[in-house]
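[1] the following comprises the amino acid sequence and a computationally predicted model.
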Amino acid sequence: MVGFLLRASVYLLLFAVAYRLLLSKKVHPTFNRLFLICSMLLTLLLSGLSDLRFESGRETGPVLGATLPEIIVGASLNYKETSALITSLVENTGAVAWFAGTVSAVMLLLLLVQSGRLLWLAFRFRKSGCSGLTYVLLPFESSPFSFFHWFFFPGKLLNDKNFDKVLAHETAHYQRFHSADVLFFELMRVLFWFHPAWYYLRHELKSMHEFEADNLALRRFEKTDYQLSLLELQLSGSLIPLSNPFNVSLIKRRMLMMNHQKWQKPARNWFKMIGLIPVILLFVFVQSCNNDKKNTETTQIESATKSPETTQLPADEKEPEQTDGDVFTVVETMPEFPGGQEAMLKFLVDNISYPEEAKLKKIQGRVFVSFIVEKDGKVGNVKILRGIGGGCDEEALRVVGLMPNWKPGEQRGQAVRVAFNMPIRFALQ
């Protein structure tokens, strides 16, 4: 989840900067609104592409056995590794994740409370309406606002000379499904409450809603009369963030937009978006190439807790997938490190280190080590399938050779020899 939020934060910032540079000066409300919604959707989609990888053939090693989860050995230059600092980093990350999750839960609770309040007002004070809207006459002073088909306003506004203009404006909000946009963005706040770009994009989205509604309302009324109604209806009162208020704080900007003689042509905007595509593809490529990297100032060694890629087969259901003499790669009961994957991780944390020669020469990359778990569980025939030099190959051989006896694999009730392939990535941070 942390990795997803980091990737999403980068994309969100990218789209916010692109909007600021390309669309914020010459506005076409409908196009800008579409861009803002698509920006949030693409942020979620592209950030979720965690399984997409681009890797050079130079790093790909031959698979001569069951492939274990990749081990990552990281180090910062001029720092020596300590397992105590690794433990501290994990604990600190857990605390941050707990805090972020708590804030997200609070944001979700606030959203539910706001939605509940709107629904309570709608069903408590609703009346008949027109133009597809349901009137909700409020018994207290408030700016008129809408939420989906409900139109909330103080009862005395019915007799106001500007009521028809307000109604036209809020009807435009309803017809253009602006409340759906706002609700979607408020849901995204649960994830991105910490990101300044989200607040900027949300503000711009609400602005586009007002510009679009004003444009539709001006088809029925004179511009001067409509603008005067905005100035006269500066009512005080409590607004709910999920709603579409008639008189909002961006009235000056709305006036300027109404006085614009010409909006940015949509075709020109589309050309701008085409120019943005290579930048997005570059970000996707970089994300995919660096998906495995970890940022830390000390050695970091990680291993997935899942089972090897090749799993156990039901007894007597099928033959082993591959054999090399009397060495198997898939058997009914696969060998197991004593204590499981977590124990193997601890063993590696306690024993492996980043070679000083590799640090000095800034050597990093994958080392592929193969070994065989013998019938008695001993680890033997340890060799390098593909190395990177700088002492990393020797270190990988050393630590794999130090592993204690495994629980041997079995095929048809008999102990057998099973080959494994362990990728170990050495990465300088």
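    Everything's here; your move. Numbers count the residues shown, from 1 in each chain.
[2] tell me the buried residues in the host helix or strand of Leu5?
    Using DSSP states H and E, Leu5 sits within helix 2-22. Neighbour counts over helix 2-22 (16 or more other C-beta atoms under 10 Å) mark 5, 7-16, 18-19, 22 as buried. In this view, the C-beta of every residue, glycine as well, is placed from N, C-alpha and C.
[3] same check, this time on stretch 177-186
    Quick answer for stretch 177-186 (16+ other C-beta under 10 Å): 178-179, 181-183, 185-186.
[4] now stretch 129-137
    Buried, per 16+ other C-beta under 10 Å, within stretch 129-137: 133-136.
[5] quick one: end-to-end distance for that stretch.
    10 Å (C-alpha to C-alpha, to the nearest Å).
[6] contacting residues around that stretch?
    121-122, 125-128, 146, 149-155, 158, 167, 170-171, 174-175 (C-beta atoms under 8 Å, 6 or more residues apart in numbering).
[7] go on, stretch 221-237?
    Taking C-beta under 8 Å, 6+ apart as the rule, stretch 221-237 contacts 140-144, 154, 160, 162, 164-166, 168, 214, 217-218, 246-247, 251, 254-255, 258-259.
[8] restricted to buried residues, select those in PyMOL.
    In PyMOL syntax, the buried subset of the contacts of stretch 221-237 is picked out as below (16+ other C-beta under 10 Å):
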select buried, resi 142+143+144+154+160+162+165+166+168+214+217+218+246+247+254+258
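[9] in helices, which of the contacts of stretch 221-237 appear?
    Among the contacts of stretch 221-237, the members falling in helices (DSSP state H) are 164-166, 168, 214, 217, 251, 254-255, 258.
[10] list phi and psi for the residue lying closest to Gly65 once chain neighbours are set aside.
    In space, and not counting its chain neighbours, Gly65 is closest to Ala419: 3.1 Å by C-beta to C-beta, 6 or more residues apart in numbering. With angles defined as degrees, to the nearest 10, Ala419 sits at phi -90, psi 140.
[11] wait, Ala419 sits on Ser370?
    Yes - using C-beta atoms under 8 Å, Ala419 is in contact with Ser370, at 6.4 Å.
[12] about what we covered before: what is the nearest of the buried residues of helix 2-22 to Arg398?
    If you rank those by distance to Arg398 using C-beta to C-beta, Arg7 comes first, at 35.3 Å.
[13] the closest one contacts Ser47, correct?
    Yes - the criterion here is C-beta under 8 Å, and Arg7 meets it with Ser47 at 4.1 Å.
[14] all helices of the stretch 301-429 of the chain, in order?
    Ranges of helices in the stretch 301-429 of the chain, per DSSP state H, counting those that start in this stretch, are 341-351, 356-361, 392-401.
[15] any idea how far Val286 is from Leu42?
    Counting by C-beta to C-beta, to the nearest Å, the gap from Leu42 to Val286 is 16 Å.
[16] so which of those two has more stuff around it?
    Leu42 (15 against 12; other C-beta atoms under 10 Å).
[17] the more buried one and Leu34, how far apart?
    Look at Leu42 and Leu34: by C-beta to C-beta, they are 12 Å apart.
[18] domains in this structure, by residue range?
    2-50+90-285, 61-81+303-428 (automatic domain parsing).
[19] local confidence estimate at the residue lying farthest from the centre of the chain?
    Note on the chain: the largest C-alpha distance from the chain mean falls to Asn159, namely 49.1 Å (C-alpha atoms, centre = their mean). At Asn159, the model reports a pLDDT of 85.
[20] so, low pLDDT: which residues of this structure?
    1-2, 50-64, 75-95, 234-249, 260-266, 287-325, 429 (pLDDT under 70).
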